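> Return atomic coordinates for the entry below.
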Amino acid sequence: MADHSKEAAERKKAIFDTMSPRGQKRILRIGYHRWDPFEAPKDPIDIRRDSTQRTTQQLVREFLQQCGYEKYSNAYGRGVLEVALGIINNDDRFIGMYEFAVWYADQLKQVQSTDK
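The predicted structure is shown next:
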């Protein structure tokens, strides 16, 4: 065990010695004894998915493919992406936009059905 910690200390010093002066200064500021160059990397940010287990990118791509390329502009695509991100992130602003759009579509259907 002592050999292992001695070996780790030697490796730590070797890593420190190969660092740039700026990097060494940063390590010395937090404390050489507290610095752990062998620390496991942090977990990446979890990829957010909706209830269908699709990412925002997958949802947007699928939606835009179904509309047809001639139907949308760059602004339309950006709007779709913004709304998809807002809904998946459960942002009240975008949830409100979605609920209003659904309500308004229902209102239009009711008006059209009474006109016939």
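
> Could you point out the helix or strand that follows the helix or strand containing K25?
With elements taken from DSSP states H and E, the one containing K25 is helix 21-30. Scanning forward in sequence from helix 21-30 by DSSP H and E, the next helix or strand is helix 56-67.

> just checking, what packs against that next one?
Packed against helix 56-67, as judged by 3 or more CB pairs under 8 Å, 6 or more residues apart in numbering; DSSP states H and E, are the following elements: helix 74-88. C-betas here are computed from N, CA, C, even on glycine.

> what pLDDT, on average, does the helix it packs on get?
For helix 74-88, the mean pLDDT works out to 91.

> Now tell me what touches it from outside.
With contacts defined as CB atoms under 8 Å, 6 or more residues apart in numbering, helix 74-88 is touched by 48-50, 56, 59-60, 63-64, 72, 91, 93-95, 97-98.

> hmm, 7 Å instead?
With contacts defined as CB atoms under 7 Å, 6 or more residues apart in numbering, helix 74-88 is touched by 48, 50, 56, 59-60, 63-64, 93-95, 97-98.

> where in the chain is pLDDT low?
The chain contains residues with pLDDT under 70 at 1-4, 42-46, 116.

> tell me which strands and helices the lengthiest helix in the chain is in contact with?
If each helix of the chain is counted by residues according to DSSP state H, the longest one is helix 92-115. Here helix 92-115 touches helix 74-88, going by 3 or more CB pairs under 7 Å, 6 or more residues apart in numbering; DSSP states H and E.

> Would you mind listing which of the contacts of helix 74-88 are buried?
The neighbour-count test (16 or more other CB atoms under 10 Å) marks 56, 59-60, 64, 94, 97 as buried among the contacts of helix 74-88.

> of these, closest to A14?
Distances from A14 to these, taken as CB to CB, are shortest for T56 (43.6 Å).

> That closest one and P37, how far apart?
As judged by CB to CB, to the nearest Å, T56 and P37 stand 36 Å apart.

> Can you give the domain ranges for the chain?
1-40, 56-115 (automatic domain parsing).
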